[in-house]
Each structure stands twice: as structure tokens, then as C-alpha cells.
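Engineer: Okay, here's the prediction I keep looking at, along with the sequence it came from:
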Amino acid sequence: VQLQASGGGLVQAGGSLRLSCAASGGTFSRYAVGWFRQAPGKEREFVATSAWIGSGTYYAESVKGRFTISRDNAKNTVTLQMNNLKPEDTAVYYCAAGRSVATLIRSYDYWGQGTLVTVSS
């Protein structure tokens, strides 16, 4: 499975961005898909994940209520709608696909290249 993340950019605090992750080369609907982020000088961290079937979604506490993950298996895409962005959301955002819903990096087998989100104060 190949993943391509897009949609990052520069936004002011309180603004919104919509990230997309396009998948190819596999049966996308069989994978859980997650978003992770890595801020400068920090470790990569879990943001949100969506189950491969059903409506199971999970979020990090820091983004709960502000970010929404959704997927369209027919189009092989997953989106991350980010609202009320804060400067601490600044990071490179990665999408990843794995066999099960999880918050751990090691649970995901396939990774996109990342897209940079910068939130100015």
C-alpha cells in the first residue's frame, strides 16, 4: 500500500485545515488508517485513527473535539479535518495504514511521506 498525504500549509491560530491521505496498491478498506504528527525536536505522536470497517474512531486527548477523521473506502482516501488550530499543532503530519486500530507507531506497516502544518499565533 502506498500512501500520499497532502493538504498541509500555513494557517493562523483558530483556523482550519483539511488533510487528505490517498492510498493505492492495496485493498484500502481492509486497513485501519491513522494520522500521526511530529513536531520539531519531538517524537512522533498519535493523533487519530479510523477502523477499517464500522465507525470506530479514536483521538488523542489533545485534539479531541477539534479534529475529525473520516474515510471513503470507495475513493481510497482518509481525511483529517482540523479546526480551531493552535500553535502547538504545528508539525509534520503523517498518515499510516495498519492491520488493526491502534495508537502505537509500531502497529502501522505503511506510511505516507508527511505534510507540514504550521500554525502561527
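Structural biologist: Cool, the structure landed.

Engineer: What are the buried residues along stretch 25-32?
Structural biologist: Buried residues in stretch 25-32, counted by 16 or more other CB atoms under 10 Å: 28, 31-32. Every residue, glycine included, has its C-beta placed from N, CA and C.

Engineer: What is the neighbour count of the residue lying closest to residue 31 once chain neighbours are set aside?
Structural biologist: Excluding the flanking residues, the one nearest residue 31 by CB to CB, 6 or more residues apart in numbering is residue 97, at 4.1 Å. By other CB atoms under 10 Å, the residues close to residue 97 number 23.

Engineer: what is the rounded mean pLDDT of the host helix or strand of residue 97?
Structural biologist: In this assignment (DSSP states H and E), residue 97 forms part of strand 91-98. Mean pLDDT, computed over strand 91-98, is 96.

Engineer: Give me the phi and psi for residue 99.
Structural biologist: phi -80, psi -20 (degrees, to the nearest 10).

Engineer: show me what contacts it?
Structural biologist: Residue 99 makes contacts with 31-32, 107, 109, as judged by CB atoms under 8 Å, 6 or more residues apart in numbering.

Engineer: Repeat the analysis, applying 7 Å as the threshold.
Structural biologist: Contacts were defined as CB atoms under 7 Å, 6 or more residues apart in numbering; by that measure residue 99 touches 31-32.

Engineer: cool, and the one 3 residues further on?
Structural biologist: For residue 102, the contacting residues are residue 49, by CB under 7 Å, 6+ apart.

Engineer: Roughly how far does it sit from residue 16?
Structural biologist: 27 Å (CB to CB, to the nearest Å).

Engineer: likewise residue 83?
Structural biologist: Counting by CB to CB, the gap from residue 83 to residue 16 is 5 Å.

Engineer: now swap in residue 75 and tell me
Structural biologist: 21 Å.

Engineer: For the spatially most central residue of the chain, which non-adjacent residue is closest in space?
Structural biologist: Nearest residue to the geometric centre of the chain (CA atoms, centre = their mean): residue 35, 2.4 Å. In this structure, residue 35 finds its nearest non-sequential neighbour in residue 47, 4.3 Å apart by CB to CB, 6+ apart.
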